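[1] Model the following, please.
(one chain, ligands or ions: 3)
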Amino acid sequence: MKVRAAVAHKAGAPLSIETVELDGPKAGEVLIEIKATGICHTDEFTLSGADPEGLFPAILGHEGAGIVVDVGPGVTSLKKGDHVIPLYTPECRNCEYCLSGKTNLCQAIRATQGKGLMPDGTSRFRIGSSMVHHYMGCSTFANFTVLPEIAVAKIRPDAPFDKVCYIGCGVTTGLGAVINTARVEPGANVVVFGLGGIGLNVIQGARMVGANMIVGVDINPGRKALAEKFGMTHFVNPKEIKGDVVPHLVELTKGGADYSFECVGNVQLMRQALECCHKGWGVSIIIGVAGAGQEISTRPFQLVTGRVWKGTAFGGAKGRTDVPKIVDWYMDKKINIDDLITHTLPLERINEGFDLMHAGKSIRTVVVY
Ligand code: NAD
Ligand code: AHE
Ligand code: ZN
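    Ligands and ions are numbered 1, 2, ... in the order given. Next comes the predicted model:
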């Protein structure tokens, strides 16, 4: 079938809106009509050329919501008409990783996903006779896409696509980092570096679990008011303080953060996030993704003296199990998504969404089909 897609032909170039050929679902796969998709900073990261796994041409996008319109042979958990959210972290419930009870990083299809291919090693997308890569197994910057059944969460039919698409990455990543990865307890002091689409969800999660101080760190002063609405108690702009931000944060939190979160993708900030943690027990969670060749460093003494460095992908969430519950939280008004979706655009104007992100003017832009 012919679909409309924003195609990334090469690193650093704007997306090109084109008609692309899409093959139907094979065994174990479903065809999804994408109704809405967020633009996450990770899409920008890959488009910029910084992603070691970046492949071109590709159809980017991994924060979508839509409807199942066809199912391939052998599909049992989904049917035509189901409302769904694609998952870049699948949940096969059968691999060593899923069965370990220790991680959400299902590896059932990770190898082919990283090569921009479906599990059978081929792509469903094509322009003329040339194949176009899938992205993060989702490719939500197309109005139709194909996913393996194990990489699809079924959600309630009354949830609005243009809001709950954000649960496909940013909301779940931020809330999950707090709840699943850090397991922040009531009364804890939390520091969040980066108050964008992820960091504001970390703040929302920290408030949900009853954190005490919730300190936000950002160089964009325009983030302060919204972060306060989501639960931030103290704002630190590194450009406006005298001296190094680490001793400033340690003093502010009277000894250091119980938990810190890096939500930018900057390896210098990752070090600061670790070193602002409390001696003896502070835990720092890396959420931001850093480009090819970037490395983190600190004095080992920081770890010897009890600080812990961790990372999280998709907030440690098991998508088919957890995503429908987070959709319920939204529908029950337990979490706020609406105020974080600052812009809505048609597919034809998707590049404006990247411009808004670069200018620091948006939290999330959602593309509606
Ligand atoms: P965003 O662009 O919405 O937000 C980034 C924020 O960082 C902005 O508010 C910006 O002002 C701030 N910032 C930039 N430089 C800074 C600095 N030097 N000091 C303090 N603040 C600074 O991006 P996002 O969508 O929130 O994504 C954040 C990061 O998380 C990206 O690296 C993204 O790729 C990554 N991410 C990771 C996962 C995961 O599963 N681990 C999931 C989603 C996104
Ligand atoms: N491909 C990159 C890393 C990108 C990355 O870390 N992706 C996160 C999700 S970011 C969502 O916005 C992730 O899920 N990572 C785990 C995984 O298996 O990809 C690189 O550095 O190679
Ligand atoms: Zn993302």
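
[2] Just give the closest residue to the residue of the stretch 51-200 of the chain found nearest ligand 3, not the sequence neighbours.
    Of the residues in the stretch 51-200 of the chain, the one nearest ligand 3 is C169, at a distance of 3.3 Å by C-beta to the ion. C-beta here means a position set from N, CA and C on the backbone, and glycine is covered the same way. Here the nearest residue to C169 in space, its sequence neighbours aside, is E63; by C-beta to C-beta, 6 or more residues apart in numbering that works out to 4.2 Å.

[3] wait, what's in contact with the residue of the stretch 51-200 of the chain closest to ligand 3?
    By C-beta atoms under 8 Å, 6 or more residues apart in numbering, C169 lies in contact with 38, 40, 42, 62-63, 88, 314.

[4] tell me which parts of this protein are close to ligand 3?
    Counting by C-beta under 5 Å from the ion, the chain comes close to ligand 3 at 40, 42, 169.

[5] Look up the closest residue to E185, ignoring the ones flanking it.
    The shortest distance from E185 to any non-neighbouring residue, by C-beta to C-beta, 6+ apart, is to V209 (7.1 Å).

[6] burial count for the residue nearest to C169?
    Neighbourhood size, E63 [other C-beta atoms under 10 Å]: 31.

[7] need the next SSE after the longest helix that the chain contains, C-terminal direction.
    If you go by DSSP state H, the chain has its longest helix at helix 319-331. Once the chain leaves helix 319-331, the next helix or strand it forms, by DSSP states H and E, is strand 341-346.

[8] circling back to that earlier point, read off the pLDDT value for the residue nearest to C169.
    Model confidence at E63, given as pLDDT, is 98.

[9] Could you pull up phi and psi at it?
    The phi/psi pair for E63 (degrees, to the nearest 10) reads phi -130, psi 60.

[10] Tell me how far the closest residue to E262 other than its chain neighbours lies from ligand 1.
    What sits nearest to E262 in space, not counting adjacent residues and going by C-beta to C-beta, 6+ apart, is A273, at 4.4 Å. Between A273 and ligand 1 the distance, using C-beta to the nearest ligand atom, to the nearest Å, works out to 10 Å.

[11] and A273, what element?
    Applying DSSP H and E as the criterion places A273 in helix 267-275.

[12] Check which residues of that helix are buried.
    267, 269-275 (16 or more other C-beta atoms under 10 Å).

[13] would JSON lines of these with distance to T321 and pLDDT be doable?
    Below are those laid out as JSON lines (distance: C-beta to C-beta, whole Å; pLDDT from 0 to 100):
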{"residue": "V267", "distance to T321": "32", "pLDDT": "98"}
{"residue": "L269", "distance to T321": "32", "pLDDT": "98"}
{"residue": "M270", "distance to T321": "29", "pLDDT": "98"}
{"residue": "R271", "distance to T321": "34", "pLDDT": "98"}
{"residue": "Q272", "distance to T321": "34", "pLDDT": "98"}
{"residue": "A273", "distance to T321": "29", "pLDDT": "99"}
{"residue": "L274", "distance to T321": "31", "pLDDT": "99"}
{"residue": "E275", "distance to T321": "35", "pLDDT": "99"}
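
[14] Break down the stretch 1-150 of the chain into its helices, ranges please.
    Counting by DSSP state H, counting those that start in this stretch, residue ranges of the helices within the stretch 1-150 of the chain are 41-48, 96-100, 110-114.

[15] From the contact counts, what lies against the last one?
    Which is helix 110-114. Helices and strands in packing contact with helix 110-114 are not found; criterion 3 or more C-beta pairs under 8 Å, 6 or more residues apart in numbering; DSSP states H and E.
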